[in-house]
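# Fold the following, please.
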Amino acid sequence: MTTEQADPRSARRSLPRWRADLRLGTRIAAMRGGGLALALRGDPVARLMHKPWRLDPYPTYAALRAQAAGGVARSRTGINAVATHEACTAVLRDRRFGVRLADGRMPFDPTDDAGTVSGHDPTDPGTALIEPIDLSLLALDEPDHTRLRRLAQPTFAPRRLARYRDTAREVTGRLLDDAAARGTFDLATDLAAPLPISIIAELLAIPDVDTPRFARWGRALGAALDGVRSVRHAHALSRATADLRALFGDLVERRRADPGEDVFSQLVHALDEDALTLDELVSLAQLLLVAGFETTTNLIGNAVRALQATGTWDDLVADPALAVGVVEETLRYDPPVQLTARFAHEEVEIGGRTLRRDSGVLVLLASAGRDPAAHTDPDRFDPRRTQTTPHLAFSGGAHYCLGAALARMEGEVALEVLAQRMPRLRPAGRIVPRVATVLRGPRHFPVRAH
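As a prediction, this is how the structure comes out:
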């Protein structure tokens, strides 16, 4: 028996591209069609994945909190959801949950023909929210998660953050100089995206950064957190990962020949010491790109949108130091990462409900931020709010975001400098939201500087 005969996946990879695309497109269409049908019939979890509900998911979160028994809402998608602050915190901190299945496999991926997972139908629309790519720490459980997290930890040391703050202030000023010359500009593409890309470039010491290309990669990888949404997206994702692998592969050789004090040099040293593999290094670098770029971009956009919509922009102009409070309130009120997923590694009881082994749970981080049981008057945006209950915008437990301090710093600097340099900033057109469920923020945000 040949290897190709023994391994059906090899045969599938040898399919003509048009046939593979047709198979993938059919599967994705079935998943999306099934999800839309459930959404139209009122299933709140399905509605989080489809327009028009996902454009403003907060009424759906409120409905889920109201119907959740013990904080757990069951959905006909086959996936449970936890929507209250208490239940979300419990799942995130419970070591009986992981980001993979109990046997270490990744959850169902529509690009894989391997079949069902945990008895789920391959057309189960609930699985569409599970990321199909390896984003390092986001997709690892113990012990690999701890091992790689320790290697990445020095990236966010306080002494490095102090240097990045100076870079962020310099880059923000330069970007706003260019924007001011035009008068009307796109806050998302002209400030919120280029700023974190510049920080990532310094963090990894990447030479000759092509900002539009990085933004394109980031969008493809970030959108994949919702799952592969179309054949076109699958190809864009494939190109992005291939380009990134080539970029980081070249950087590995450069750092071996000429190591420096940058983060990537340290990771290459760890690679040569067999502390991680090349695939793990590339995946970790991809994670730094997605987490460090897309999250901060959406944080800045969501903050300015909330300030403008609630009439609190002038408060920030009067006191630019309020940027710290604006960032924290945005993370609670309208976070850039709306949800995450966990899977029970054994039978678990949450809020009086028993979840079977490998049961999928959507942890609705943004819903927790609007829970009236945890936050007073939660639907009001108040940059001067004293937050007695911590928000969950950066997740929690073992997977608490390593880059939280960096994202906060970038957001604070951007908002402070923006308020100082452009106190009369106003919207100049319709905000175009990104097409996503997991990540939330404006894709285009036209504003006027004067």
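
# where in this structure is pLDDT low?
1-15, 108-136, 290 (pLDDT under 70).

# how does it look with 50?
The chain contains residues with pLDDT under 50 at 1-12, 109-132.

# the longest helix in it is where?
helix 231-257 (DSSP state H).

# Which elements pack onto that one?
helix 17-40, helix 211-223, helix 263-272, helix 278-289 (3 or more Cβ pairs under 8 Å, 6 or more residues apart in numbering; DSSP states H and E). Heads up, the C-betas are built off the backbone N, CA and C, glycines and all.

# can you rerun that using 10 Å?
Counting contacts by 3 or more Cβ pairs under 10 Å, 6 or more residues apart in numbering; DSSP states H and E, helix 231-257 packs against helix 17-40, helix 194-204, helix 211-223, helix 263-272, helix 278-289.

# residues contacting Arg100?
Met106, Pro107, Ala139, Leu140, Asp141, Asp144, His145, Arg342, Phe343, His345, Asp358 (Cβ atoms under 10 Å, 6 or more residues apart in numbering).

# Excluding residues flanking it in the chain, which one is nearest Ile199?
Excluding the flanking residues, the one nearest Ile199 by Cβ to Cβ, 6 or more residues apart in numbering is Tyr164, at 5.5 Å.

# Could you report the separation of that neighbour from Leu247?
21 Å (Cβ to Cβ, to the nearest Å).

# Same question for stretch 250-257: list its buried residues.
Neighbour counts over stretch 250-257 (16 or more other Cβ atoms under 10 Å) mark Leu251, Val252, Arg254, Arg255 as buried.

# Quick check: the second one touching Leu267?
Spelled out, that is Val252. Yes. Val252 is in contact with Leu267 according to Cβ atoms under 10 Å; the separation is 8.7 Å.

# Overlap in contacts, the two.
Leu281, Val282, Ala285.

# want to throw those residues into JSON lines with neighbour count and distance to Leu415?
Shown next, in JSON lines, are the shared contacts of Val252 and Leu267 (neighbours: other Cβ atoms under 10 Å; distance: Cβ to Cβ, whole Å):
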{"residue": "Leu281", "neighbour count": "23", "distance to Leu415": "33"}
{"residue": "Val282", "neighbour count": "22", "distance to Leu415": "33"}
{"residue": "Ala285", "neighbour count": "24", "distance to Leu415": "28"}
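
# Format the residues you listed as TSV; extra columns: distance to His391.
Converted to TSV, those look like this (distance: Cβ to Cβ, whole Å):
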residue	distance to His391
Leu281	32
Val282	31
Ala285	28
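
# Which of those residues sits closest to Gly222?
Ala285 (15.0 Å; Cβ to Cβ).

# mind listing what the closest residue in space to the closest one that isn't next to it in sequence touches?
With sequence-adjacent residues excluded and distances taken as Cβ to Cβ, 6+ apart, Ala285 is closest to Phe248, at 5.0 Å. Listed by Cβ under 10 Å, 6+ apart, the contact set of Phe248 reads 204, 206, 264, 267-268, 278, 281-286, 289.

# which residues touch Trp313?
Val304, Ala306, Leu307, Val326, Leu418, Ala419, Pro423, Arg424, Leu425, Arg426.

# Kindly reformat the helices and strands packed on helix 231-257 as CSV containing distance to Ala404.
Formatted as CSV, the helices and strands packed on helix 231-257 follow (distance: least, Cβ to Cβ, whole Å):
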stretch, distance to Ala404
helix 17-40, 31
helix 194-204, 14
helix 211-223, 17
helix 263-272, 17
helix 278-289, 13
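
# So for Val435, which of those helices sits nearest?
It's helix 211-223; of those, that one is closest to Val435 (Cβ to Cβ) at 7.5 Å.

# Would you mark the buried spots in that closest one?
Buried residues in helix 211-223 (16+ other Cβ under 10 Å): Phe214, Ala215, Trp217, Gly218, Arg219, Ala220, Leu221, Gly222, Ala223.

# Distance-wise, check the last one relative to Ala436.
If I follow you right, that is Ala223. From Ala223 to Ala436 the distance is 6 Å (Cβ to Cβ).

# Can you work out which residues contact both of the two?
Common contact partners of Ala223 and Ala436 (Cβ under 10 Å, 6+ apart): Arg229, Glu294.

# And the strands in this protein?
72-74, 80-82, 97-98, 184-186, 340-344, 348-350, 353-355, 360-363, 426-427, 432-433, 442-444, 446-448 (DSSP state E).

# same for the third one, what does it pack against?
To tie it back to what came earlier, the one meant is strand 97-98. strand 340-344.

# Buried residues in the strand it packs on, which are they?
For strand 340-344, using 16+ other Cβ under 10 Å, the buried residues are Thr340, Ala341, Arg342, Phe343, Ala344.

# May I have stretch 193-211 exported as PDB, CA atoms only?
Below are the C-alpha coordinates for stretch 193-211, written out as PDB (Å, rounded to 0.1, in the frame of the first residue of the first chain):
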ATOM      1  CA  ALA A 193      -3.000  50.500  12.100                       C
ATOM      2  CA  PRO A 194       0.400  52.000  11.300                       C
ATOM      3  CA  LEU A 195       1.200  52.800  14.900                       C
ATOM      4  CA  PRO A 196       1.200  49.200  16.300                       C
ATOM      5  CA  ILE A 197       2.900  48.000  13.100                       C
ATOM      6  CA  SER A 198       5.800  50.300  13.800                       C
ATOM      7  CA  ILE A 199       6.100  49.000  17.400                       C
ATOM      8  CA  ILE A 200       6.000  45.400  16.200                       C
ATOM      9  CA  ALA A 201       8.700  46.200  13.700                       C
ATOM     10  CA  GLU A 202      10.900  47.600  16.400                       C
ATOM     11  CA  LEU A 203      10.000  44.700  18.800                       C
ATOM     12  CA  LEU A 204      11.200  42.100  16.200                       C
ATOM     13  CA  ALA A 205      13.800  44.400  14.600                       C
ATOM     14  CA  ILE A 206      12.200  43.800  11.100                       C
ATOM     15  CA  PRO A 207      14.000  45.900   8.500                       C
ATOM     16  CA  ASP A 208      12.200  47.800   5.700                       C
ATOM     17  CA  VAL A 209       8.700  47.300   7.000                       C
ATOM     18  CA  ASP A 210       6.000  47.500   4.300                       C
ATOM     19  CA  THR A 211       3.100  48.900   6.300                       C
END
